[in-house]
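**Student:** Pasting the sequence and the predicted model now:
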Amino acid sequence: MRRGAELVMSGDAEVFGIALLSLRVALVATIIACLFGIPIGFVVGTTRFWGRRAAITVLNTMLAFPTVVVGVVVWGLLARSGPFGGMGLLYTWWAIVIAEVVLAVPIAAALTAAAVQTIDPRVRRTALTLGAGPWRVHWAVAQEARYALTAAVVVAFGRVLAEVGAAMIVGGNIRYHTRTLTTAVALATSQGDFALAIALGLVLIALALTVNVLLQMLQLRGDAQRA
Amino acid sequence: MLSAHSLRLGYRGRWVLQIENLELPAGSRIALVGPNGSGKSTLLRILAFIEQPTHGELRFDGQPVRTRRDRLAARRRVTLVEQQPLLFDTTVKANLMYALRLRHVRHADAADLMRSAVERVGIEHLVTRSARELSGGEIQRVAIARALVLRPEVLLLDEPQSSADQEMVSRLPALMEELRAAGTTVCFSSHRLEEAYRLADRIIALVDGKLSPAAPENLFRTTVPPGTGPRVVQAGPLALLVVTDKVGPATVAIPADDIVVSTEPLHSSARNQFHGKIVRLADDGRGGVALTVDVGTELLVRITRAALADLNLSVGSSVVLSIKTMAVRVF
């Protein structure tokens, strides 16, 4: 435990690099996942179309996808013999990002759909009566749902940061390249280095806390600006 | 200004709105009256271009509004304050500025427009408050100010008198006068006829989604029992003797001018007599007085000022209303 704490405190270059990679993967994957997931959730949550119920069921099922299965599927797609093998992405940090995006899109979409479904239908009507165009109407709904939408981003980020199965499979846990905090914890544990595992775990929690605090501050500032 | 032609709105296999022709001339003040569920709110939403009719056409200045682009342009000239308006979950000020920001109005101009609207509905003390903290009446006033800020060409108000607080109700006549002076077309729905008479130049009655052929007062939905000759129908809580050829679902109208008011029961030919109390008195805008009498339901009665003085009537007076069987219209 002490050795682990020392490692962290001394600013060990390797630990720092691992933490940085974890953060980078999580941020990039969360941003991409939200760019796709939030609009999908919006459409599913606010428009009536044929097959909408089925779409909601599919989204909710995707929430429960085992991460190793997603890892294996993405591995199959990116492997040299797979359809995207030519891109040479397997065992790079981008491969981890791709797998995490697949895992996080359903979270962002399902939580967004749930959030906008509960918004008072008068929000849409009111924006329309005040002369809003279609995009502004969506924006008004998003603003009313802002707390729930922030929660969707936070949950997606949490899932991506804490995920280990898919990261291990498609990243390969290669030292200095694709070793993230979670895969490093798994490795340290399997090697019996419990102290290091705990220390890395603490770094992971600290990262999650920092990002969530920043998001919350961003939201508070947004509220103040709207006022 | 704004007109509707051959409007039909279907809902669950039946027409909830069927309006052949409706004109809102520029600068007019029109009251839309009718019982609950007669389609007033729906019609207002269609006129505000936020709900689309199943069939029919709306025209703005004679130009048909057909495409999405037309409707957006039209929505920038018309606005609607719903019966239970919604304020965005932010400050009152941000609510008032919302539409101006959409239109990229210059900041200084926006501030002027806001100030003037705020003064007209008397919400100076609410501007910096959060919309969440407001009472129902305050929300209504902010919503009206939010619509006024836009200086719409057509202002639609759904039941402005029912959810407004006392102060707003007392400000409405002056506000309507200002809007008329500014050339704004106003159309509002109301279930209180005497208020409608006071505030509007023209009254349109809506019954079961159709424009009513009869005067808009004292309308009731009923079912006429089979048979011929005089029959008793139920008009709200009142059992009314009527003469009609109709059988089945129908509308009963008791013309406000054909009701005789007395302080004692009359020995007369009028077969329908009801005891009640005067609950409201208002100038009917045509030199007479509109009495609202509670006889189990509210009936509107129009009499002359002289009659009112002769009978020495005021709010709270007990009266008897006599209605001739032949005066009651069934359609």
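**Tutor:** Everything's here; your move. Numbering: from 1, shown residues only, chains lettered A, B, ... in the order given.
**Student:** which SS state does B:P265 fall under?
**Tutor:** Three-state call for B:P265 (DSSP: H, G, I helix; E, B strand; the rest coil): coil.
**Student:** residues in contact with it?
**Tutor:** Taking C-beta atoms under 8 Å, 6 or more residues apart in numbering or on different chains as the criterion, B:P265 is in contact with B:273, B:275, B:320. C-beta here means a position set from N, CA and C on the backbone, and glycine is covered the same way.
**Student:** how near is it to B:G296?
**Tutor:** Counting by C-beta to C-beta, to the nearest Å, the gap from B:P265 to B:G296 is 16 Å.
**Student:** One more: B:E119?
**Tutor:** From B:E119 to B:G296 the distance is 43 Å (C-beta to C-beta).
**Student:** For residue 39, give me the backbone phi and psi.
**Tutor:** Going with chain A. phi -60, psi -40 (degrees, to the nearest 10).
**Student:** count of neighbours near it?
**Tutor:** Counted by other C-beta atoms under 10 Å in any protein chain shown, the residues lying close to A:P39 total 14.
**Student:** what pLDDT does it get?
**Tutor:** Among the per-residue scores, A:P39 shows a pLDDT of 95.
**Student:** and the helix or strand of chain B with the lowest mean pLDDT, which residues are buried?
**Tutor:** Every helix and strand in chain B was compared by mean pLDDT, DSSP states H and E; the lowest is helix B:193-199, with a mean of 75. Of all the residues in helix B:193-199, those buried under the rule 16 or more other C-beta atoms under 10 Å in any protein chain shown are B:193-199.
**Student:** Are we agreed that B:Q273 is in a helix?
**Tutor:** No. Counting by three-state DSSP, B:Q273 is not part of a helix but strand.
**Student:** surely A:I38 meets A:A148?
**Tutor:** No. Assessed by C-beta atoms under 8 Å, A:I38 is found out of contact with A:A148, at 11.2 Å.
**Student:** of these two, who's got more company?
**Tutor:** Shown here are A:I38 and A:A148; by other C-beta under 10 Å, A:I38 has more neighbours (23 against 16).
**Student:** Contacts only, for that one.
**Tutor:** With contacts defined as C-beta under 8 Å, 6+ apart, the neighbours of A:I38 are A:108-109, A:112, A:149, A:152.
**Student:** Quick check: what element follows the helix or strand where it lies along the chain?
**Tutor:** Assigned by DSSP states H and E, A:I38 falls within helix A:13-46. Reading on from helix A:13-46 to the C-terminus, the next helix or strand found by DSSP H and E is helix A:52-63.
**Student:** quick one, that next one and helix A:13-46 angle?
**Tutor:** Going by axes from the mean of the first three to the mean of the last three C-alpha atoms, to 10 degrees, helix A:52-63 is angled at 160 degrees with respect to helix A:13-46.
**Student:** can you give me the mean pLDDT across the next helix or strand along the chain from helix A:52-63?
**Tutor:** Later in the chain than helix A:52-63, the nearest helix or strand by DSSP H and E is helix A:67-78. Model confidence over helix A:67-78, given as mean pLDDT, is 94.
**Student:** sorry, back to before: which parts of the helix holding A:I38 are buried?
**Tutor:** A:15, A:18-19, A:21-23, A:25-26, A:28-30, A:32-34, A:37-38, A:40-46.
**Student:** Where does pLDDT dip in the chain?
**Tutor:** Just so you know, I chose chain A. The model of chain A has pLDDT under 70 over residues A:1-5, A:7-9, A:11, A:225-227.
**Student:** Chain B was what I was after
**Tutor:** For chain B, the ranges with pLDDT under 70 are B:194, B:213-214, B:285-286.
**Student:** Look up the closest residue to residue 30, ignoring the ones flanking it.
**Tutor:** Just so you know, I chose chain A. Once flanking residues are discounted, A:T30 sits nearest to A:F157: 4.4 Å by C-beta to C-beta, 6 or more residues apart in numbering or on different chains.
**Student:** I was after chain B.
**Tutor:** In space, and not counting its chain neighbours, B:I30 is closest to B:C187: 4.5 Å by C-beta to C-beta, 6+ apart.
**Student:** before we move on, what about B:E167?
**Tutor:** What sits nearest to B:E167 in space, not counting adjacent residues and going by C-beta to C-beta, 6+ apart, is B:G122, at 6.5 Å.
**Student:** burial count for that neighbour?
**Tutor:** B:G122 has 14 neighbouring residues, counting by other C-beta under 10 Å.
**Student:** cool, and B:A250?
**Tutor:** Residue neighbour count, defined by other C-beta under 10 Å, stands at 17 for B:A250.
**Student:** What of the one 4 residues further on?
**Tutor:** Number of residues near B:I254 (other C-beta under 10 Å) recorded here: 25.
**Student:** can I assume B:I30 sits in a strand?
**Tutor:** Yes. Counting by three-state DSSP, B:I30 is found in a strand.
**Student:** That one touches B:L199, doesn't it?
**Tutor:** No. Contact criterion C-beta under 8 Å: B:I30 and B:L199 do not qualify, at 9.9 Å.
**Student:** Need the overlap of contacts for those two.
**Tutor:** Residues within reach of B:I30 and of B:L199 at once, by C-beta under 8 Å, 6+ apart, are B:F188.
**Student:** For the stretch 201-331 of chain B, which segments count as helices?
**Tutor:** Taking DSSP state H, counting those that start in this stretch as the criterion, the stretch 201-331 of chain B carries its helices at B:305-311.
**Student:** Fine by me, thanks again.
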